[in-house]
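# model the structure of this input:
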Amino acid sequence: MGYINRTITDSIIKGAQYFGVTAITGPRQSGKTTLCKHIFPDYDYVNLEQLTTRDTIQRNPIAFINNVKKGMIIDEAQLLPELFSYIQVAVDEHPDRRFVITGSSNFSMLQNITQSLAGRVDLYTLPPLSIREIPDVVSGMTTDELLYKGLYPAAYANGTYSERLYSNYYNTYIERDVRQLIKVSNLSAFQLFIRLCAGRVGSECNLSSLTNETGVSSPTLKEWLSILEASYIVFKLQPYHANISKRLVKTPKIYFYDTGVLCFLLGIENAKQLETHPLRGAIFENLVITEFVKSRLNEGRMPNFHFYRDCRGTEIDLVQTVANELYFYEIKSSQTFNAKFFDNIKSVSKIFGDRVTKSAVIYDGRDTIESEVNGLYNFRNIPFE
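Take a look at the predicted model:
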């Protein structure tokens, strides 16, 4: 497969007309370098993960910055934080000069941007591939094959097979990044922790129960979870709170940015094992929710999603807030439609009244109901807002 056109491209090109610095964060191997080189083919390129390159620049950063004529792509820019101040001076003194910086650590990048580049940078997050970016490929796969294969670009290039891809990804990137960001004295406890998180995908993240199972203190687990978020391995879906009389849950749910990584952590070794796996429904839900998240990120916008659950257990899988309006989505892994799929939507919609302006069930079947109210869609054809 050749170059995959990324949906985020137009937003980045437009933003680069107005900002001296474009910053692109996202998971490792999500395609940041390939994207930047495709959008800005005339820009110079350096990768700060190369020690000799980093050392050379560190010895004379002014000369490095002054040598930039039209534009420069700087990969893993967070590894040389002092460079951000020099970039600030360069874009202030030379408004026509452009810098594109990438990083796989959201925490490190944002910290340096806030300190040195505030007001001068256009910030984006590049997630793994979305289904919309490779529709022809996805159409030829079963749902279980897609869940297992995941949507990292490497899974669709050079015949890479998932068994080795995600094993290497975990060993090469996840554990390495964690070691760089925090002092993990007990690596086996961290390994257990991340697999327990995988086992709780789509469930409320209760650190107290994880403390009992790992033997690690709750503050440490909270720090580990934050690092997994900053490294774009997991994200939290916060509960929706509104000024209503029913008591709502306050604990977020946890999801993974990619189901291929998730399946690896769950010990799933082939797509067929998903057919009877007890977490198959949660893995499918993870896929659908990440597609919604990607739709926002690819437009250069922040995700605006939550879930709803009251003390009686009535739940809406995904709530999108748009100004004062609410969109409700229920996610079902079944291939057969059942009218009861809409029961929770109808029940909760009565509470919020006219604020609920759109609702739909996203499922694995073929039938479609094109409607803003109680629509029904296959997960490959979601009508994103």
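# quick check: next helix or strand after the helix or strand bottoming out on mean pLDDT in the chain?
Lowest mean confidence among the helices and strands of the chain (mean pLDDT, DSSP states H and E): helix 175-181, at a mean of 71. Per DSSP states H and E, helix 175-181 leads on to helix 187-199 as the next helix or strand towards the C-terminus.
# who does the longest helix that the chain contains touch, helix- and strand-wise?
Ranked by residue count and defined by DSSP state H, the top helix of the chain is helix 280-297. If you count contacts as 3 or more C-beta pairs under 8 Å, 6 or more residues apart in numbering; DSSP states H and E, helix 280-297 packs onto helix 143-149, strand 253-256, helix 259-265, strand 305-309, strand 315-322, strand 325-332. C-beta coordinates here come from the backbone N, C-alpha and C atoms, glycine included.
# how close does L279 get to R200?
9 Å (C-beta to C-beta, to the nearest Å).
# between these two, who's got more neighbours?
L279 (20 against 17; other C-beta atoms under 10 Å).
# residues in contact with that one?
By C-beta atoms under 8 Å, 6 or more residues apart in numbering, the contact set of L279 is 199, 201, 266.
# any idea which of these is closest to S231?
V201 (16.9 Å; C-beta to C-beta).
# where's the closest one relative to V261, distance?
In terms of C-beta to C-beta, V201 sits 11 Å off from V261.
# who has more neighbours, those two?
V261 (24 against 21).
# so the residue nearest to the more buried one when sequence neighbours are not counted, which of the three states?
Once flanking residues are discounted, V261 sits nearest to Y166: 5.6 Å by C-beta to C-beta, 6 or more residues apart in numbering. Three-state call for Y166 (DSSP: H, G, I helix; E, B strand; the rest coil): helix.
# correct me if wrong: Y166 contacts G150.
Yes. Taking contacts as C-beta atoms under 8 Å, Y166 lies within contact range of G150: 7.0 Å.
# anything in contact with each of these two?
260-261, 263.
# ok, now which ones touch the closest residue to E204 other than its chain neighbours?
Using C-beta to C-beta, 6+ apart and skipping the chain neighbours, the partner closest in space to E204 is T251 (4.1 Å). Going by C-beta under 8 Å, 6+ apart, T251 touches 204-206, 239.
# residues of stretch 351-362 that come out buried?
By neighbour count on 16 or more other C-beta atoms under 10 Å, the buried set for stretch 351-362 is 352, 356, 358-362.
# from these, which land in helices?
Per DSSP H, the buried residues of stretch 351-362 map to helices at F352.
# care to break the chain down by domain?
9-125, 131-381 (automatic domain parsing).
# turn the ones you listed into TSV, columns for distance to G2.
Below are the domains of the chain laid out as TSV (distance: least, C-beta to C-beta, whole Å):
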stretch	distance to G2
domain 9-125	11
domain 131-381	9
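# adding distance to F384, write the helices and strands packed on helix 280-297 out as JSON lines.
Formatted as JSON lines, the helices and strands packed on helix 280-297 follow (distance: least, C-beta to C-beta, whole Å):
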{"stretch": "helix 143-149", "distance to F384": "18"}
{"stretch": "strand 253-256", "distance to F384": "17"}
{"stretch": "helix 259-265", "distance to F384": "18"}
{"stretch": "strand 305-309", "distance to F384": "11"}
{"stretch": "strand 315-322", "distance to F384": "9"}
{"stretch": "strand 325-332", "distance to F384": "10"}
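# which one of the ones you listed lies closest to K70?
helix 259-265 (37.0 Å).
# got the CA coordinates for the closest one in PDB?
C-alpha atoms of helix 259-265 as PDB (Å, rounded to 0.1, in the frame of the first residue of the first chain):
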ATOM      1  CA  THR A 259      -7.700  -2.200  19.400                       C
ATOM      2  CA  GLY A 260      -4.600  -4.000  18.000                       C
ATOM      3  CA  VAL A 261      -2.600  -3.000  21.100                       C
ATOM      4  CA  LEU A 262      -5.600  -3.800  23.200                       C
ATOM      5  CA  CYS A 263      -6.000  -7.300  21.800                       C
ATOM      6  CA  PHE A 264      -2.300  -7.900  22.300                       C
ATOM      7  CA  LEU A 265      -2.500  -6.900  25.900                       C
END
